[in-house]
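[1] pasting the structure only:
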């Protein structure tokens, strides 16, 4: 089983922090950390590999959530979600420069929280600032996001980190891509053409209109097909030279 996201909750109200954690645990997240203020959050960043932050704007501390959001944007470069009771123009204006990935408005529920996480990754992967469109609906197409050699994919209600080296091949099926790994299959709503632009060219190659394969996972090949873990994948004429060149290299 691949690891889920490592989530940091920065919230000074203990009941809210615990409620957020309970929802995340319920859907399968296991790496959840809590901080009550700016200083504790910095300690978490220094000791944990945090993937996403749920950040209260008002921390009742010398430094606010907005100041922490600015630091996350400038130093840590990971998506973060503001938790707030306010969505007025003044609040939006004050947080705009920190480039949040999403907003979670209080009072929230399970659906709101999970939707905010999904929106956050979409905005982060497309370099959108949630402060520009804080009430934007979910996109119909899930963006792929590759961080530190890992592909973030949805497994039921949670995101997991799949190392690119573990992926055997990608297979396109209309509006979805099937991700075949050594341990499990996942579905991603995206186009194969778009995915190809994000994958490292020295590790993956397109074999035909429906398949991209991990070069290092190829067990055998000839001019017309390759084999990975007993699976035969055809090489189209248009891709033949490039495929054979990369495999031989």
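    Good, I have the coordinates. Values in this document were obtained by computation on a predicted structure and should not be read as measured data.

[2] can you tell me the strand partners of the worst-scoring helix or strand of the chain on mean pLDDT and which way each runs?
    The helix or strand of the chain with the poorest confidence is strand 145-147; it has a mean of 77 (mean pLDDT, DSSP states H and E). Paired neighbours of strand 145-147 in the sheet (DSSP bridges): strand 150-155 (antiparallel).

[3] contacting residues for the spatially most central residue of the chain?
    Geometric centre of the chain, nearest residue: residue 152, 4.3 Å, by Cα atoms, centre = their mean. Shown in contact with residue 152 (Cβ atoms under 8 Å, 6 or more residues apart in numbering): 5, 121, 144-146, 159-162. (C-beta placed from N, C-alpha, C; glycine too.)

[4] swap the cut-off to 6 Å and go again
    Shown in contact with residue 152 (Cβ atoms under 6 Å, 6 or more residues apart in numbering): 145, 159.

[5] what's across from it in the sheet?
    residue 145, residue 161.

[6] could you chop the protein up by domain?
    6-125, 164-248 (automatic domain parsing).

[7] what's the mean pLDDT across the shortest one?
    Pointing back at domain 164-248 there. The pLDDT scores in domain 164-248 average 93.

[8] could you tell me the end-to-end distance of it?
    End-to-end distance for domain 164-248: 20 Å, by Cα to Cα, to the nearest Å.

[9] hey, which helix is longest across the chain?
    Ranked by residue count and defined by DSSP state H, the top helix of the chain is helix 110-125.

[10] before we move on, back to that, so which of the domains of the chain is the most surrounded?
    domain 6-125 (a mean of 18; mean count of other Cβ atoms under 10 Å).

[11] how far is that domain from where the chain is centred?
    15 Å (Cα atoms, centre = their mean, to the nearest Å).

[12] quick revisit: what packs against the longest helix of the chain?
    In terms of contacts (3 or more Cβ pairs under 6 Å, 6 or more residues apart in numbering; DSSP states H and E), helix 110-125 is packed against strand 102-105.

[13] partners of the strand it packs on in the sheet?
    The strands beside strand 102-105 in its sheet (DSSP bridges) come out as strand 80-84 (parallel).

[14] so what touches the partner strand?
    Strand 80-84 has contacts (Cβ under 6 Å, 6+ apart) with 53-57, 72, 100, 102-104, 116, 120.

[15] mind redoing it with 7 Å?
    11, 52-57, 65, 69, 72, 91, 95, 100-106, 116, 120 (Cβ atoms under 7 Å, 6 or more residues apart in numbering).

[16] what's the answer for stretch 31-42, then?
    Residues from elsewhere that reach stretch 31-42 (Cβ under 7 Å, 6+ apart): 3-10, 12, 17, 21, 24-25, 44, 48, 59, 61, 63, 67-68.

[17] how about 6 Å then?
    With Cβ under 6 Å, 6+ apart as the test, stretch 31-42 has contacts from 6-10, 12, 17, 21, 24, 44, 48, 59, 61, 63, 68.

[18] now stretch 240-249
    Residues contacting stretch 240-249 (Cβ under 6 Å, 6+ apart): 205, 207, 215, 218, 221, 235.

[19] just stretch 8-22 next, same as before
    Here stretch 8-22 has contacts from 32-36, 41, 44, 50, 53-56, 59-60, using Cβ under 6 Å, 6+ apart.

[20] rounded mean pLDDT for that stretch, please.
    Taken as a whole, stretch 8-22 has a mean pLDDT of 96.

[21] show the end-to-end separation of it, please.
    End to end - Cα to Cα - stretch 8-22 spans 13 Å.

[22] same question for stretch 169-189.
    In terms of Cα to Cα, the two terminal residues of stretch 169-189 are separated by 16 Å.

[23] nice, that's everything, thank you.
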